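> Dropping a prediction and its sequence here:
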Amino acid sequence: MTNQSHLGFTPDQIDTGRPHPARMYDYYLGGSDNYEVDREAAERLMAIAPDVRVSARANRDFLGRAVRTVVRDHGIRQIIDLGTGIPTSPNTHELARSVAGDVRVAYVDNDPIVSAHAGAKLVGSGNAEFVLADIREPEAVLEDPAVRELIDFDRPVALLLVAVLHFVTDDEDPARIVAAFDKALPAGSCLVLTHGTPDFHERDLVEEGTDVYRKATASVTLRRHAEILRFFDGYDLLDPGLVQLPLWRPEGPVPEPDELRRVALYGGVGVKR
């Protein structure tokens, strides 16, 4: 496992003075890899939009179902997890290896605090590496020696963009980012994607919620269904398509409509043509 000395940062680069989306997400899930500043911001957001914790848990559950599906049903044995955040257990390689023990995983994130947590959590995991890089520079990610050593781009790859593209602004052109990674993947590869949406909440509530993230280390750009669907250009969506997360191949009862509206994320899995 890559250690911190190879990640190109020093401890004083870790910003604990502002809330961080990855640590806030960890708090929503009941984790302990967060600081007081993260908990305070998360609590402010939950006071405005209590549904955020419901959405976070739905996102986590979707990740498990989607990873197991691409490994079990589509023979995927290598995964690139972009914008991984803090790999809260069960994390991507644990989920994948619950189906097939030989799956290799490259975790990618651009934040030193994430790399510090990831480095500790992934030690001894075997065939899983953390790469400190920015998904906004896809060519650099794809050419990173650790990625090249771990991932064979002549064989299908699962590309995970789970709750990450809504932290990419329109000016940063998320479609360009997805297309650049897509270009490197062979046919039969899978795109696993979730994205926050304003489709199910009042405008004032959405604006108040996004304002909390403006004071964090990354802002949020929520997108509507049609905008998110475009990220799957060149892919055949698996049934049931791009849907609210609890509706994607549920393993238990589907929430009632009033409960379902609380989940402000769409998700889907596509197979590259």
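Looks like it came in fine. Worth saying up front: this structure is predicted, and the values here are computed from it rather than measured.
> in this structure, which spans are strands?
78-82, 104-109, 128-132, 158-162, 190-196, 235-237, 243-244, 265-272 (DSSP state E).
> In TSV, list these along with distance to Ala120 and mean neighbour count.
(Each C-beta comes from the backbone N, C-alpha and C, glycine too.) Formatted as TSV, those follow (distance: least, CB to CB, whole Å; neighbours: other CB atoms under 10 Å):
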stretch	distance to Ala120	mean neighbour count
strand 78-82	17	25
strand 104-109	13	26
strand 128-132	10	25
strand 158-162	21	24
strand 190-196	25	25
strand 235-237	34	15
strand 243-244	34	20
strand 265-272	28	23
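> Please give me every residue in contact with Asp102.
77, 127 (CB atoms under 8 Å, 6 or more residues apart in numbering).
> Can you verify my assumption that Arg68 contacts Glu94?
No. At 11.0 Å, Arg68 and Glu94 do not qualify as touching, with contact defined as CB atoms under 8 Å.
> how about the strands of the chain, which one is nearest Ser55?
The closest of the strands of the chain to Ser55 is strand 265-272. By CB to CB, the value is 5.4 Å.
> contacting residues around that closest one?
Around strand 265-272, the neighbours that count as contacts under CB under 8 Å, 6+ apart are 55, 58-59, 62, 66, 69-70, 74, 156, 162-163, 182, 185-197, 199, 225, 228, 232, 234-238, 241-245, 248.
> Please identify the pairing partners of that strand and their relative orientation?
Strand 265-272 sits in its sheet next to strand 190-196 (antiparallel), strand 235-237 (antiparallel), strand 243-244 (antiparallel), going by DSSP bridges.
> so how far is the shortest one from its chain's centroid?
Per CA atoms, centre = their mean, to the nearest Å, the displacement of strand 243-244 from the mean C-alpha position of its chain is 16 Å.
> That one - what's its average pLDDT?
Computed over strand 243-244, the mean pLDDT rounds to 98.
> swap in stretch 249-257?
Stretch 249-257 shows a mean pLDDT of 93.
> buried set for that stretch?
Using 16 or more other CB atoms under 10 Å as the test for burial, stretch 249-257 gives Pro255.
> again with stretch 20-31
20-29.
> Repeat that for stretch 175-189.
Going by neighbour count (16+ other CB under 10 Å), the buried part of stretch 175-189 is 177-178, 180-182, 184-185, 189.
> ranges for the helices of the stretch 151-273 of the chain?
Secondary structure of the stretch 151-273 of the chain by DSSP state H, counting those that start in this stretch: the helices cover 174-184, 203-214, 225-229, 257-260.
> which other residues reach the last one?
With CB under 8 Å, 6+ apart as the test, helix 257-260 has contacts from 54, 244, 246-247, 254.
> Turn the residues you listed into CSV, including distance to Ala264.
Converted to CSV, the contacts of helix 257-260 look like this (distance: CB to CB, whole Å):
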residue, distance to Ala264
Val54, 9
Gln244, 8
Pro246, 12
Leu247, 13
Val254, 17
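> Please identify the nearest residue in space to Leu205, excluding sequence neighbours.
Ala49 (5.9 Å; CB to CB, 6 or more residues apart in numbering).
> next one: Leu237
Per CB to CB, 6+ apart, closest to Leu237 is Gly270, 5.0 Å.
> Check the gap between that neighbour and Val105 for me.
Separation of Gly270 from Val105 (CB to CB, to the nearest Å): 19 Å.
> Quick one: residues contacting Asp154.
Asp154 touches Pro186, counting by CB under 8 Å, 6+ apart.
> ditto for Met24
By CB under 8 Å, 6+ apart, the residues touching Met24 are 34, 38, 41-42, 45, 216.
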